[in-house]
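Asker: Fold the following.
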Amino acid sequence: MSKQLALLPVTLTRLIQDGTCPDWIEAELTDADDRKWVFTEKVPVVGVEDVEHLPDPLNMFCLVLEEKLRRAGEVLKLITFHEETYVVSEANRYALTSWVSASDLSDVRQEAQK
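Answerer: Reported below is the predicted structural model:
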């Protein structure tokens, strides 16, 4: 399977105002194994303008690396973030690579046609 660009829904949860400019924002994702991931990124990189009303949903670009079928018949996709621009904090800082439900992802081309 070649890498495919997709949109993954996350939840913006917290604005971090630590005196740096620009501010940072946290977003959360729960993967197919019910692990919770917390992302920290600069607000302009994420591309949100209204950070006063959180939590708030957001679709983030990701790359689909591969696909597999669970025993229950659910299709899972292994994702990472496009160009690994997002920092993940779960004990250490590293780029997220995780399995998510295929039904959670949106095709970038179909969204652009809407």
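
Asker: Next, find the distance separating residue 18 from residue 44.
Answerer: Applying Cβ to Cβ, to the nearest Å, the value for residue 18 to residue 44 is 16 Å. In this view, the C-beta of every residue, glycine as well, is placed from N, C-alpha and C.

Asker: which of the two has more neighbours?
Answerer: Ranked by neighbour count (other Cβ atoms under 10 Å), residue 18 and residue 44 place residue 44 first, with 11 against 6.

Asker: what about residue 105, how many residues close to it?
Answerer: Neighbours around residue 105, by other Cβ under 10 Å: 19.

Asker: shouldn't it be in contact with residue 7?
Answerer: Yes: with contact defined as Cβ atoms under 8 Å, residue 105 and residue 7 form a contacting pair (6.7 Å).

Asker: shared neighbours of these two, anything?
Answerer: residue 62 (Cβ atoms under 8 Å, 6 or more residues apart in numbering).

Asker: After the lowest-mean-pLDDT helix or strand in the chain, which helix or strand is next?
Answerer: The weakest-scoring helix or strand in the chain, judged by mean pLDDT, DSSP states H and E, is strand 92-94 (a mean of 48). Going down the chain from strand 92-94, the next helix or strand is strand 97-101, by DSSP states H and E.

Asker: can you pull up the bridge partners for the residue nearest to residue 81 when sequence neighbours are not counted?
Answerer: Distances taken as Cβ to Cβ, 6 or more residues apart in numbering put residue 62 closest to residue 81, at 5.3 Å, once the chain neighbours are dropped. Beta-bridge pairing for residue 62 (DSSP bridges): residue 6, residue 81.

Asker: ok, residue 62 touching residue 78?
Answerer: No: under the criterion of Cβ under 8 Å, residue 62 is not in contact with residue 78, lying 10.1 Å apart.

Asker: For these two, work out which one has more neighbours and name it.
Answerer: With neighbours defined as other Cβ under 10 Å, residue 62 and residue 78 compare such that residue 62 has more, 25 against 16.
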